[in-house]
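> Take a look and give me a structure for this.
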Amino acid sequence: MELNKQISKNNYYSFLWHAVFLALAINFMDVDTIIPAMMVDAGGSALHLGILTSIMLGGGKFAQLFFAPFLNNQPSKKGYLLGGINARIFALGGMAVLFYFSSHIQDNFIIWSIFILISLFSFSGAFANINYVDILGKSVLQEKRKAFFSIKHVISSIVVLLSAFLAKGVLSEYGYPINYATLFFIAAVLLGIASFGFWKIKEIPAFNSKIDGLVKFIHIVIQEIRTNIKLRNYLFLINTQGISIVLMPFLILYAKKIFYAGSQDIGNFLILKVIGGVLTGSVLFYYSKKVKYQYMLYITSILAILVPLFILMLPGSMLFPYIFLAGGVIFTIHNVSINGILLEITNNENRALYTGLSGAGSIIPSIFSFIGGWIITEFGFTLFFVLFILIIFLSFYFIYKIDCKK
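Next comes the predicted model:
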């Protein structure tokens, strides 16, 4: 079976189905606001939050390195994609049950259970993502990809805005722990509905070069990084600019410690973040044929530096909530540009492998998240923000070097 317009169109709308219902689910399990607030409300410390953020935003992607050799050898990946999604649904259901019965469970057990279930959620998501990117790349025509990413963000962001108000309503209506139990239950149901879109996908099998054993895989990794300049610069880029997406969980901690933010405040932060994503996604969709990924990356790094600078210069400012508006902008631009560049520097034969290798780009974000919790505990937020700014500054060089033409 070869890719044609009809198959591409079918897959295009199948991926959009998933995107819409995932967008409905995403705010009920938001990794930047809901889950960090959940950890703090459950009695977690700054160090616990750092570990959790490292697992969610770094560890899961780093695990792609270990999944890549196996998945690279599979010509068809639809079954593995569905398996990863089902594991995420199970993890969310487990979180709902955990918080529903949490009043009868010791705090330490709750913390450890959160780590285990979020690890399953993150690692299964990383496993599914390799399959998702590979199937998308070989089953949707190239000229439709940038438009897909842009329209996906427009439609998803509008739906996300609706679900943000619903999630805020749940946070405000119910107290701890029923609010989190309800949020995760709704997320599990919606994610299950979203997975129906993947059943309709008509996958185009691709037979890649076999990778036999860990030694050969390591040799291939070293060889690819050594010979492919774009891949090497891409990995350096996501190891530096990648920490921009780990900032918001720590801003939730900052809000709770400095402003004593409650559930309603968390809901407001979530809505502001989503509004930033809606506006940005709309602009990117309108200018999708004109704006280069490289320019988008520059904007991301500039905004990522301005956010902590604002906090350092105006600590305790009443304008603090609007930082989450900027956070939505940063997340959206980074996500669109990074995913787009990965598709541009890969082909059907190496896409699964390169997606797995991109997990190596989560080394610094993962370490920074872990150490960040310790730094905040021992030295406060100032040193944390300064280190964040310094790492983001390094990304400008690699944005320049990646030289993406599209």
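> With adjacent residues omitted, what lies nearest to the most centrally placed residue in the chain?
Nearest to the mean C-alpha position of the chain, counting by Cα atoms, centre = their mean, stands L57 at 6.3 Å. Nearest residue to L57 in three dimensions, chain neighbours excluded: V246, at 4.9 Å (Cβ to Cβ, 6 or more residues apart in numbering). (C-beta placed from N, C-alpha, C; glycine too.)
> same for the strand or helix carrying F198, what does it pack against?
F198 is part of helix 196-199 when elements are defined by DSSP states H and E. Under the contact criterion of 3 or more Cβ pairs under 8 Å, 6 or more residues apart in numbering; DSSP states H and E, helix 196-199 touches helix 5-26, helix 78-100.
> ok, then the element right after it?
Past helix 196-199, the next helix or strand by DSSP H and E is helix 213-227.
> same question for that following helix, mean pLDDT?
When pLDDT is averaged along helix 213-227, the result is 72.
> distance between it and the chain's centre?
Chain-centre distance of helix 213-227: 26 Å, with Cα atoms, centre = their mean, to the nearest Å.
> Stretch 167-177 too?
Using Cα atoms, centre = their mean, the offset of stretch 167-177 from its chain centre is 24 Å.
> again, but for stretch 304-320
Per Cα atoms, centre = their mean, the centroid offset for stretch 304-320 relative to its chain is 24 Å.
> neighbouring contacts of that stretch?
241, 244, 247, 254-255, 258-259, 323, 326-327, 330, 381-382, 385-386, 388-389, 392-393 (Cβ atoms under 8 Å, 6 or more residues apart in numbering).
> One more pass at 7 Å, please.
244, 247, 258-259, 323, 326, 330, 382, 385, 388-389, 392 (Cβ atoms under 7 Å, 6 or more residues apart in numbering).
> and those, which of them are in helices?
Among the contacts of stretch 304-320, the residues falling in helices (DSSP state H) are 247, 258, 323, 326, 330, 382, 385, 388-389, 392.
> Would you point out the most distant pair within those?
The largest separation in those, counting by Cβ to Cβ, is between I258 and I392 at 22.2 Å.
> neighbour count winner among those two?
Set I258 next to I392 and count neighbours by other Cβ atoms under 10 Å: I392 wins out with 23 against 13.
> The more buried one and I243: what is the separation?
Shown here: I392 relative to I243, a distance of 7 Å by Cβ to Cβ, to the nearest Å.
> got it, and K138?
31 Å.
> what about the two, which has more around it?
Between K138 and I243, I243 has the larger neighbour count (other Cβ under 10 Å), namely 26 against 19.
> Go through the helices and strands packed on helix 196-199 and name the closest to T377.
Of all the helices and strands packed on helix 196-199, helix 78-100 sits nearest to T377, with 25.1 Å by Cβ to Cβ.
> Buried residues in the closest one, which are they?
Under the neighbour-count criterion of 16 or more other Cβ atoms under 10 Å, helix 78-100 has 78, 80-82, 84-85, 87-89, 91-96, 98-100 buried.
> From the chain's centroid, how far away is that helix?
With Cα atoms, centre = their mean, you get 17 Å for helix 78-100.
> counting contacts, what elements does the first helix or strand past it going along the chain pack onto?
Of the helices and strands lying after helix 78-100 in sequence (DSSP H and E), the nearest is helix 107-139. With contacts taken as 3 or more Cβ pairs under 7 Å, 6 or more residues apart in numbering; DSSP states H and E, helix 107-139 sits against helix 5-26, helix 46-54, helix 60-62, helix 64-72, helix 78-100, helix 351-357.
> need those in TSV with mean pLDDT and distance to W199, can you?
As requested, those are exported to TSV (pLDDT from 0 to 100; distance: least, Cβ to Cβ, whole Å):
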stretch	mean pLDDT	distance to W199
helix 5-26	82	8
helix 46-54	85	32
helix 60-62	69	24
helix 64-72	73	19
helix 78-100	92	7
helix 351-357	66	21
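> Among the ones you listed, which comes closest to G277?
Using Cβ to Cβ, these put helix 5-26 closest to G277, at 9.8 Å.
> Now that closest one: buried residues?
Applying 16+ other Cβ under 10 Å to helix 5-26 flags 7-8, 11-12, 14-26 as buried.
> Okay, now the unreliable bits of the stretch 251-400 of the chain?
For the stretch 251-400 of the chain, residues meeting the criterion pLDDT under 70 lie at 287-289, 347-353, 355-362.
> Which strands and helices lie in contact with the helix or strand harbouring V283?
Here V283 sits within helix 263-286, counting by DSSP H and E. Counting contacts by 3+ Cβ pairs under 7 Å, 6+ apart, helix 263-286 packs against helix 145-173, helix 323-344.
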